[in-house]
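Novice: Okay, sequence plus prediction incoming.
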Amino acid sequence: MTTSLSLSNTQKARPRRFGYRISVVGAVSFLIIAAWALVAVFAPYIAPHPVGDIVDFDFFGPMSAQFPLGTDYLGRDMLSRILLGARYTVGISLAAVCLACFCGVTLGMAAAVIGGWFDRVLSRMLDALTSIPSKILALVIVAAVGTSIPILIVTLAVIYTPGCYRFARALAVNINTMDYVTVARARGEGLGYLIRSEILPGIIGPVLADFGLRFVFIVLLLSSMSFLGLGVQPPFADWGALVKENIGGLSFAAPAVVFPSIAIATLTISVNLLIDNLPQKIRDRSEQ
Amino acid sequence: MSDKITNWTSSDDAMVEIAIRRGASRRELLQMMLMGGVAAAAGSTIIGRAAAAVAGQPVKGGFVKAAGFSASTADTLDPAKASNATDYVRCCNFYNRLTFINGAGETTMELAESVESKDAKVWTVRLRKGVTFHDGKSLTSADVVYSIKRHLDPAVGSKVNAIAKQIVNVKAIDPQTAEITLVAPNADLPTILALHHFMIVADGTTDFSKGNGTGPFILKEFQPGVRSVAVRNENYWKEQGPYLDSFEFFAISDESARMNAVLSGDIQLGANLSPRSLRVLESNPAARPFISKLGTYTNLNIRLDMHPGDKQGIAEGFKYLVNREVIQKSVLRGLADIANDHPVPSTSKYHNSELKQRAYDPERAKSLFQKAGVLGQEIRITAAEAASSALDYAMVVQQAASKIGLNVAINRVPSDGYWSNHWIKDAVHFGNINARPTPDILFSLLYKSDAAWNESGFRSEKFDAMLLEARGSLEEAKRKEIYGEMQAMISNGAGTVIPVFMSNVDAVSPKLKGLVPNPLGGMMGYTFAEYAWLEA
Amino acid sequence: MNSPILNLVAERIVVAVVTLLFVAFTIFFATEMLPGDVAEILLGQAATPEAVAGLRAAMNLDQPAFLRFIYWIGNLFTGDLGVSYVNKMPISDLIGGRLVNSLKLASVTAAISVPIALTLGITAAILRGTFYDRIVSIFTIAVISVPEFMVATLSVIVFAVYLGWLPALSMANEVTSIGGLLKVFAMPVITLSFVISAQMIRMTRAAVLETLSTAYVEMALLKGASRRRMVLRHALPNALGPIVNAVALSLSYLLGGVIIVETIFNYPGIAKLMLDAVSTRDLPLIQSCAMIFCLGYLLLITIADLVAIVSNPRLQ
């Protein structure tokens, strides 16, 4: 067993059998994400109506030439609301998920490599953090520091960091026992090098898959946060909140509840498919 | 003329139902509808529908499940502590009040045979004979004394402590008679005693988890935050009712889940739906809307003693900036009556109909704000879901403000703790006031200079003096005149913007009969279980 | 061989006590930071200063909060969870039935979703890059992208309102037969499985693929071992640690995170109880619920860590 492992270590740089080329699915996913990002940036210029304007006395209006995606529960133009909502959903969720994963994964790898009391204390602290219900956490934050978008991002990140940490640590602990890591450590490499060059490449696949999932969770959690009074203030709303405020229209399949859901799905599926179609490339680069 | 009714809604149906119950003739009804632009043939259809809803012989039996909109571990069967519809419904199951406010808004006697006074200060309450509690004990004046005195004890935590404070003494004259002495004359005492909190409990009760009262149902199971199950009180003192064998009440806080549970037949009544649900309720035969016109409102409060409301013209500016019609039509889908910045609804006999209705006038608002020098500055409005529809109102105001160059920012805060942290305390915020049966209660709770709930910090010695004068007067015309003037004072002087009075919609199964709207609240003023019956 | 595991268990028990205390203190301070106390919240709009003071005195809440908290901790060691501030009922009575309900729902959901999720994840990894793999990937993401309340509401509209096959509410106390049980649990379990399966499926697939791409497995593949055999014999045991971790994290959601399902299906579980407690500032109840969630979570992750150690001999 040992022999085969050390053998494998020397052969690590050997090219993989799985694809180098950019897959069609990956490209399409990337385009969708880019399109939403553009929408997020230029939303105020392309939205046909002001986001808070009641433009129609009817509610849950159907799709029409004037209101391409119908109207919401107050008679506001859905298209404009979804376009403006992209800013919050894309911006806040991406920022929060990046922050959560960066902190969680870095700490997780560090805990695995350093081990000992550092690992124990950190692990138990983060376990305890997970046990504190996110509603209390959110309420305390609103009460203590008020609400703003940076605070919202940090809150979301704090809620999801322990999960990232546990997952990354579990992966890293496995890698950490591999002989090539032991060898590197014996060479006297520093913590930064071990984490970056030895551990990270080995866990990047699952970590990225996890990143995609957490992104979805954060998009959905965001909507609950605004209902707790944390973050996005009316008349603006993120996509999850749009679904929530129009859920009454579900009985008659109102476009107002269908389209924000579709918007969420296009974004989250694209992010995950892009990730599924990236890993080989990233991994290969990291090994050069 | 076509038979097709275009502008008829179920809230109009409710109106016709009320008229029929009041004894309106068919001719009067048709006339009423012709005035509303409904063709005679179509009018007949409506009357037929409404009459069918009213008629029908009650039958005994059946098991009804109903859902309110909130429940928590704080659910209580202590009437003094009852704080929401869920508690009221349960208290109405197990207890009775001395007096009762019926569907027409009139005060009638319930456990009391009479509540009388010569000077409106010392009141004599004669109790009905032969009424027993669920545990077999007979109702006596000692129970009345105990029940009323509880509200005065701060340790009880009574919700009506502020109102009850005017009672200086309650004593038993004989087993069937009690005497209530007030600090100053108040002609409305019989109506006050009809509030849900003034239910009569047995003398000495400290553990309210048994629900031992004189009411139509006997408690079988009660888990706070989960459910209550009640069975018919076979010894109920009224000749009629209750009809249901048993009744289960719980809460489904999710609105669409509540409606769907009625549509699927899991429950027979789902309380307090949004006006938008009418579209489903009117098209699906599995449920019908039950609409009650109430004096409940959500209002925008501008503190007159804080920036920016302390500047002349700010509060008035907001009164012209609120587009009542948009709120009535778009936010509440017609289930609302336009209000005029004072809390007395047009259904009240004291309503001042001569006061000129304030309308949406952005230009006027603009000049008022300009004079106050706040155009271009940011005004923050605090809103939370806790005050029904407040966020929607806020967005209507914000939109109107943006058109006149006023920068309104909505500060959405958690519903959790809203009433203790933001309501009354923030400079510009939303309140939500439930219907109260008399102007006296409304004014003393909300507008008297030292009122605990003085939402805008309105102070007027003249107003306070008029309040006392009207309260002590037993002369109707005089009261109406004073209350009319007070409404004008509030409408023009207070910082409370009251755009509309809201109606309440409950979803009910078509099999559930016998419901009559009540001005005290939805679900027949929360008493429906006693009067409802199930069609076989 | 056994001693590292025993050591770990012993250590975890000690650590659990410390963690619980840590959580209790954090929650105490967090709750103290929330505006308003029980008396104020209970009185709501009627909270005038004297009414609040009177009620506080009547509820014995006039002694310092910290002192009450310390008493509560002290009693906890004797197994007494205390009495609810709000309705004076013993907390064990309030929690008891609802905890059982929550555990019932959680175990039925776990029993159904874990095997399905692991099977889907592993088969997707074996058949990596195939049409099947793609479908599983897209499906799992699509399913969690739809907000939970929408899945729940939609299933009520379809199955209860239009088709009339299932009850719209899950009244756990009215179940008399197995068929009834299935009917009552069907919709909540499906909704919850949607939520928690995605993470397990994706993590399983990713972890298995990761071990597949380690060189020694590749060596074996080059030597001609079948892919399926490699997955089951070599990759899976090595990937077990991360997989069990993902399962544990997903399952920990089933105790405290099911609030939406409890609300929409009117299922009396413990998540809603805790929310009630937070909104009424009922400290003993908040603490007790938090302790239960924390214990559940610690138990799950300890099992996950044990499995990880057992499956990777080098970790011992």
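Specialist: Thanks, I have the structure now. Keep in mind the model is a prediction, meaning the values are calculated, not measured.
Novice: Give me the neighbour count for whichever residue of the stretch 151-300 of chain B sits closest to chain C.
Specialist: Going by CB to the nearest CB, chain C is nearest to B:P154 of the stretch 151-300 of chain B, at 2.2 Å. Where C-beta positions appear, they are placed from N, C-alpha and C, glycine not excepted. Using other CB atoms under 10 Å in any protein chain shown, B:P154 has 18 neighbouring residues.
Novice: same check, this time on the one 10 residues further on
Specialist: Other residues near B:A164 number 21, with proximity taken as other CB under 10 Å.
Novice: pretty sure it contacts B:I148?
Specialist: Yes: counting by CB atoms under 8 Å, B:A164 does reach B:I148; the two are 7.1 Å apart.
Novice: any idea which residue sits dead centre in the chain?
Specialist: You didn't pick a chain, so chain A it is. By CA atoms, centre = their mean, chain A has its centre lying nearest to A:F215, at 2.1 Å.
Novice: could you do chain B instead?
Specialist: Centroid-nearest residue in chain B, with CA atoms, centre = their mean: B:A435, separated by 3.2 Å.
Novice: give me the low-pLDDT residue ranges for the chain?
Specialist: Answering for chain A, as no chain was given. Chain A contains residues with pLDDT under 70 at A:1-22, A:279-288.
Novice: Let me rephrase: I mean chain C.
Specialist: For chain C (pLDDT under 70), the answer is C:1-3, C:172-176, C:214-218, C:221, C:225, C:313-316.
Novice: Mind splitting it into its structural domains?
Specialist: As assigned by automatic domain parsing, chain C contains the domains C:3-35+C:81-315, C:36-80.
Novice: name the helices or strands packed onto the helix or strand containing C:I196?
Specialist: Using DSSP states H and E, C:I196 falls within helix C:178-212. Applying 3 or more CB pairs under 8 Å, 6 or more residues apart in numbering or on different chains; DSSP states H and E, we find helix C:178-212 packed against helix A:149-176, helix A:200-227, helix C:91-126, helix C:131-145, helix C:148-155, helix C:215-222, helix C:236-256, helix C:259-264.
Novice: coming back round to it: with chain A as the reference, measure out to the residue of the stretch 151-300 of chain B closest to chain C.
Specialist: Remark: distance between B:P154 and chain A (CB to the nearest CB, to the nearest Å) = 27 Å.
Novice: ok, now C:L61?
Specialist: 20 Å.
Novice: what about that residue, which SS state?
Specialist: Look at C:L61: counting by DSSP: H, G, I helix; E, B strand; the rest coil, its state is coil.
Novice: That one: neighbouring residues, count only.
Specialist: When neighbours are defined as other CB under 10 Å, C:L61 has 17 of them.
Novice: do the same with B:D135
Specialist: When counting by other CB under 10 Å, one arrives at 10 neighbours for B:D135.
Novice: As a markdown table, the helices and strands packed on helix C:178-212 with distance to B:I314 would be great.
Specialist: Shown next, in a markdown table, are these (distance: least, CB to CB, whole Å):
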| stretch | distance to B:I314 |
| --- | --- |
| helix A:149-176 | 29 |
| helix A:200-227 | 29 |
| helix C:91-126 | 48 |
| helix C:131-145 | 46 |
| helix C:148-155 | 40 |
| helix C:215-222 | 74 |
| helix C:236-256 | 46 |
| helix C:259-264 | 40 |
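Novice: mind giving me TSV with those helices and columns for distance to chain B?
Specialist: What follows is the helices and strands packed on helix C:178-212, written out as TSV (distance: least, CB to the nearest CB, whole Å):
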stretch	distance to chain B
helix A:149-176	12
helix A:200-227	7
helix C:91-126	6
helix C:131-145	20
helix C:148-155	5
helix C:215-222	49
helix C:236-256	16
helix C:259-264	4
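Novice: between these, which gets nearest to B:S70?
Specialist: Judged by CB to CB, the one of those that comes nearest to B:S70 is helix C:259-264, at 11.0 Å.
Novice: Looking at the domains of chain C, spot the one closest to B:D416.
Specialist: Of all the domains of chain C, it is domain C:3-35+C:81-315 that lies closest to B:D416, at 5.2 Å by CB to CB.
Novice: Distance from the chain centre to that closest one, please.
Specialist: Centroid separation for domain C:3-35+C:81-315 versus its chain: 5 Å, with CA atoms, centre = their mean, to the nearest Å.
Novice: circling back to that earlier point, verify the contact between the residue nearest to the centre of chain A and A:V97 for me.
Specialist: Yes: counting by CB under 8 Å, A:F215 touches A:V97, with 4.5 Å between them.
Novice: Counting by contacts, list what the helix ranked longest in chain B packs against.
Specialist: Ranked by residue count under DSSP state H, the longest helix found in chain B is helix B:476-493. Counting contacts by 3+ CB pairs under 8 Å, 6+ apart, helix B:476-493 is packed against helix B:439-446, helix B:461-472.
Novice: how about the closest residue to chain B within the stretch 1-150 of chain C, phi and psi?
Specialist: Per CB to the nearest CB, the residue of the stretch 1-150 of chain C with the smallest distance to chain B is C:G54, at 2.2 Å. Main-chain torsions, C:G54, degrees, to the nearest 10: phi -60, psi -50.
Novice: which residues does the closest residue to it other than its chain neighbours contact?
Specialist: Spatial nearest neighbour of C:G54, chain neighbours left out: B:P154 (2.2 Å); criterion: CB to CB, 6 or more residues apart in numbering or on different chains. The neighbourhood of B:P154, defined by CB atoms under 8 Å, 6 or more residues apart in numbering or on different chains, consists of B:N161, C:E50, C:A51, C:A53, C:G54, C:L55, C:A57, C:A58.
Novice: circling back to that earlier point, assumed the residue nearest to the centre of chain B was part of a strand.
Specialist: No: if the criterion is three-state DSSP, then B:A435 is coil and not within a strand.
Novice: The nearest residue to it once chain neighbours are set aside: how many residues sit nearby?
Specialist: With sequence-adjacent residues excluded and distances taken as CB to CB, 6+ apart, B:A435 is closest to B:G295, at 3.7 Å. By the criterion of other CB under 10 Å, B:G295 has 25 neighbours.
Novice: ends of stretch A:49-59, how far apart?
Specialist: Start and end residues of stretch A:49-59 are separated by 16 Å (CA to CA, to the nearest Å).
Novice: and the residue nearest to B:G130 when sequence neighbours are not counted, which of the three is it?
Specialist: In this structure, B:G130 finds its nearest non-sequential neighbour in B:W237, 6.5 Å apart by CB to CB, 6+ apart. Classification of B:W237 using three-state DSSP returns coil.
Novice: Please apply the same query to B:D506.
Specialist: strand.
Novice: isn't B:T527 right next to B:N518, touching?
Specialist: Yes: between B:T527 and B:N518 there is a contact under CB under 8 Å: 7.0 Å.
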